[in-house]
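# Below are the sequence and a predicted model for it; my questions follow.
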Amino acid sequence: MALQISATNPEHPALLLELPWDVPLEEWPEEYLVPLPRGISRHVVRYSRAGDEVIAVKELAARPAQREYDMLRDLDRLGIPSVDPLAVVTGRTAPDGAPLESVLVTRHLGGSMPYRSMFETTMRPATMHRLMDALAVLLVRLHLAGFAWGDCSLSNTLFRRDAGAYAAYLVDAETGDLHPQLSVGQREYDLDLARVNISGELLDLEASGALHPSVDPIEFGMEICARYRGLWDELTRTSVYPAGKYQHIERRIRRLNELGFDVAEMQIEHASNGDTVSFVPKVVDAGHHQRQLLRLTGLDTEENQARRLLNDLESWMATQDDYAPGDPLGARPEVLAHRWVREVFRPTVRAVPPELRGAVDPAEIYHQLLEHRWYMSERAQHDIGIETAVEDYIRNILPKARKTLQPTAD
């Protein structure tokens, strides 16, 4: 059987032809290899180069290789964070004519490391929890798309930091199955496999002395299940909101924040009987909100202020007719953000008399107004609107606090 390279991009076969396919992957010469960390695997896996790209090459039988290639392409179409499939190479033979296993070729995710490699280094427990939160987000996104992984582990997941965000990526889809929708039993089975695999690898690292002494492998595996369930319940709970929906949206965002997640994207769908809302979560690094708010609006604030203002900005954008994430015809986030500054932020801050603001900066004033609006709306059980909140704040709050009101340091 002649060597065959099946790829979607016509450039890849020509680049891949330069690699020694007549040699078992385990015996590839060093000149073809790229020394990158990798997790444990039931298959032989090596990193190499194809032109300017670093690729991962996994040796396995032809049918599983083709199946995983197709599955990764499906996940890519669904927008699931996973490695990019490049090609399947079949018909490999050694110089003596002996058949060799086929290989699956994927693109190496730049700047990423296997989760297992991350845990082999000395990390603070807080960082480890953010890593596991990112893995919980990945599992939820996979299950929402109808994908049952069947082999989630520290070795089968890549971690990458991107502009302050923590993100987990699927590496191995060999055991996965894609369905129109997963049952509760399918999700729980997949989650239980993840718990066992993660705790097992952490126990292995503990035995080798590589794990932080404060981390309990069993409790850590159970913790990811708890984080997953809390996030799943909050994201999948269907809500139909009345016309005055601002307060309800903010309540949902606050609950996600309390769970330790931030809102990466929000979508409001209009229905005849109300509005439904959906969120895409993410896990972020310290200072992320400051950088994002500065990039979008030019406002330079403290981190907690920035987080609160970004939540308000995201809620406001979701109510705009030209807000369409991912749609090239929709308004760009930067355009909407500057409109929010011009039409919402500045007029609201200017409504507070300068003599009552004292030395408090505009971002803190706006933050306090949003908090006051929230509490008033909760008491009234409906959104009271920013104008009413400003009037009440000026009349009842600022005069009492004028002598003690100082800028807040987060």
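Everything's here; your move.
# Can you give me the first-to-last residue distance of stretch 45-62?
15 Å (C-alpha to C-alpha, to the nearest Å).
# Could you point out the helix or strand that follows whichever strand or helix holds residue 372?
For residue 372, the host element (DSSP states H and E) is helix 362-380. Counting by DSSP H and E, the next helix or strand C-terminal to helix 362-380 is helix 386-392.
# What are the contacting residues of that following helix?
344, 348, 351-352, 369-370, 372-373, 376 (C-beta atoms under 8 Å, 6 or more residues apart in numbering). C-beta coordinates here come from the backbone N, C-alpha and C atoms, glycine included.
# and that helix, average pLDDT?
Summarised as a single mean, pLDDT over helix 386-392 is 91.
# now it, how far from the centre of its chain.
36 Å (C-alpha atoms, centre = their mean, to the nearest Å).
# Just the C-alphas of it, formatted as PDB.
Extracted C-alpha coordinates of helix 386-392, given in PDB (Å, rounded to 0.1, in the frame of the first residue of the first chain):
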ATOM      1  CA  ILE A 386     -29.700  54.400  36.700                       C
ATOM      2  CA  GLU A 387     -31.300  57.900  36.800                       C
ATOM      3  CA  THR A 388     -33.400  57.000  39.800                       C
ATOM      4  CA  ALA A 389     -30.400  55.500  41.500                       C
ATOM      5  CA  VAL A 390     -28.400  58.600  40.900                       C
ATOM      6  CA  GLU A 391     -31.100  60.800  42.300                       C
ATOM      7  CA  ASP A 392     -31.500  58.700  45.500                       C
END
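# What residues of the very next helix or strand once past it count as buried?
Using DSSP H and E, the helix or strand that directly follows helix 386-392 along the chain is helix 398-401. For helix 398-401, burial by neighbour count (16 or more other C-beta atoms under 10 Å) applies to residue 398.
# I'd like to know which elements helix 398-401 is packed against.
Here helix 398-401 touches no other helix or strand, going by 3 or more C-beta pairs under 8 Å, 6 or more residues apart in numbering; DSSP states H and E.
# In contact with residue 340, which residues?
Residue 340 sits in contact with 297, 313, 316-317, where contact means C-beta under 8 Å, 6+ apart.
# Ignore what I typed, I meant residue 225.
Here residue 225 is in contact with 191-192, 194-195 (C-beta under 8 Å, 6+ apart).
# And these, which is closest to residue 251?
Checking the contacts of residue 225 against residue 251 with C-beta to C-beta, the nearest one is residue 191 at 26.8 Å.
# For the closest one, the count of nearby residues, please.
Residues lying near residue 191 (other C-beta atoms under 10 Å) number 21.
# What are the neighbouring residues in contact with it?
Contacts of residue 191 (C-beta under 8 Å, 6+ apart): 139, 225, 228.
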